[in-house]
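Visitor: Got a predicted structure plus its sequence, pasted below:
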Amino acid sequence: MNAEEPRQSTVVKRSVVVAGQKTSISIEDAFWSELKSLARRQNRTVSDLVHAINAGRREGANLSSAVRVYILDQLRSRTGGGEP
């Protein structure tokens, strides 16, 4: 793969428990891997982290999108990057 070719990304539906309710989020493998890493660094379970993300999302926002945005924000804060 060269630098001009887009990376292949597969969206996978994953089950998580949020506030005692089983739900699913559809996110790419790279996001899922980073979500697990963030949960580990925060000494919490993936379900606990997704619960916190869910509690903070705005009305009508898609949970899968909220998870992606949360991960992006965390990566930006770690690297000193801000809003584009």
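Guide: Structure's in. What do you need? Residues are numbered from 1 along each chain as shown.

Visitor: show me where pLDDT drops low in the protein?
Guide: Low-confidence segments of the chain, defined by pLDDT under 70: 1-8, 81-84.

Visitor: ranges for the strands of it?
Guide: When secondary structure is read from DSSP state E, the chain shows strands at 11-18, 21-28.

Visitor: Redo the ones you listed as a markdown table? Include mean neighbour count and distance to residue 52.
Guide: Using the backbone N, CA and C atoms, a C-beta is placed for each residue, glycine as well. Formatted as a markdown table, the strands of the chain follow (neighbours: other Cβ atoms under 10 Å; distance: least, Cβ to Cβ, whole Å):
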| stretch | mean neighbour count | distance to residue 52 |
| --- | --- | --- |
| strand 11-18 | 14 | 10 |
| strand 21-28 | 15 | 14 |
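
Visitor: quick one, which of those strands is nearest to residue 39?
Guide: Put simply, out of the strands of the chain the one that sits nearest residue 39 is strand 11-18, at 10.6 Å, with distance taken as Cβ to Cβ.

Visitor: So which residue is dead centre in this protein?
Guide: Centroid check for the chain by Cα atoms, centre = their mean gives residue 67 as the closest residue, at 3.4 Å.

Visitor: Identify the residues contacting that one.
Guide: For residue 67, the set of contacting residues under the criterion of Cβ atoms under 8 Å, 6 or more residues apart in numbering consists of 25, 27, 31, 35, 50, 53.

Visitor: Return the member of those residues nearest to residue 12.
Guide: When the contacts of residue 67 are compared against residue 12 (criterion: Cβ to Cβ), the nearest one is residue 27, at 7.1 Å.

Visitor: Check whether that closest one really touches residue 64, as I assumed.
Guide: Yes. Using Cβ atoms under 8 Å, residue 27 makes contact with residue 64 at a distance of 5.5 Å.

Visitor: Do I have it right that residue 13 meets residue 28?
Guide: No. With contact taken as Cβ under 8 Å, residue 13 and residue 28 are classed as non-touching, separated by 11.3 Å.
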